[in-house]
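Asker: curious how this folds, go ahead:
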Amino acid sequence: MSDDDFELYDLRVELVRSGPGQIYCGNEGDWFELHGEVLKLPPGQGFSIYSLSAVLPLLPAKQRVTDANDWMSTDAEVACPDPNCPSRLRITRIGKRRFSHAATTAVPLPTKPQE
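Answerer: Got it, this is the predicted structure:
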């Protein structure tokens with residue numbers, strides 16, 4: 001581990017049914033994974049941009065280590081943005097991945113003060 005390493009969780013977002021009725025934003029079981037900043041879909045499957053817009057703002061926070069008492073650690077489902085759709089988007093942490101600060105940004109880390 002180098003001085004500029006950090007860890008992020010890989011995430012899986014899956015479309016799950018939360019009640020009766022027709023799902024309008026895709027198919028139950030549709031999913032994608034987020035590895036670092038890369039969104040990965042299985043071959044031949046799409047994902048609703050409206051559903052994606054509902055969950056996207058939460059993903060960077062879900063990727064980071066959080067306190068066990070933080071709601072971000074426990075709350076895992078986001079409602080579909082269509083109020084008539086009985087689906088939720090379930091966010092699951094599926095593993096950790098290590099990154100280097102220098103490999104992810106051109107902004108250098110601040111220099112450490114001399115002791």
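
Asker: tell me the gap between the helix or strand of the chain with the lowest mean pLDDT and the middle of its chain.
Answerer: Taking mean pLDDT, DSSP states H and E as the measure, the chain has helix 101-104 as its least confident helix or strand, at a mean of 74. Relative to its chain's centre, helix 101-104 lies at 20 Å (C-alpha atoms, centre = their mean, to the nearest Å).

Asker: repeat that for stretch 45-56.
Answerer: Distance of stretch 45-56 from its chain centroid, counting by C-alpha atoms, centre = their mean, is 12 Å.

Asker: before we move on, back to that, what sits up against the least confident helix or strand of the chain?
Answerer: By C-beta atoms under 8 Å, 6 or more residues apart in numbering, the residues outside helix 101-104 that reach it are 4-6, 36-37, 108-109. The C-beta positions use only the backbone N, C-alpha and C, and glycine is treated the same way.
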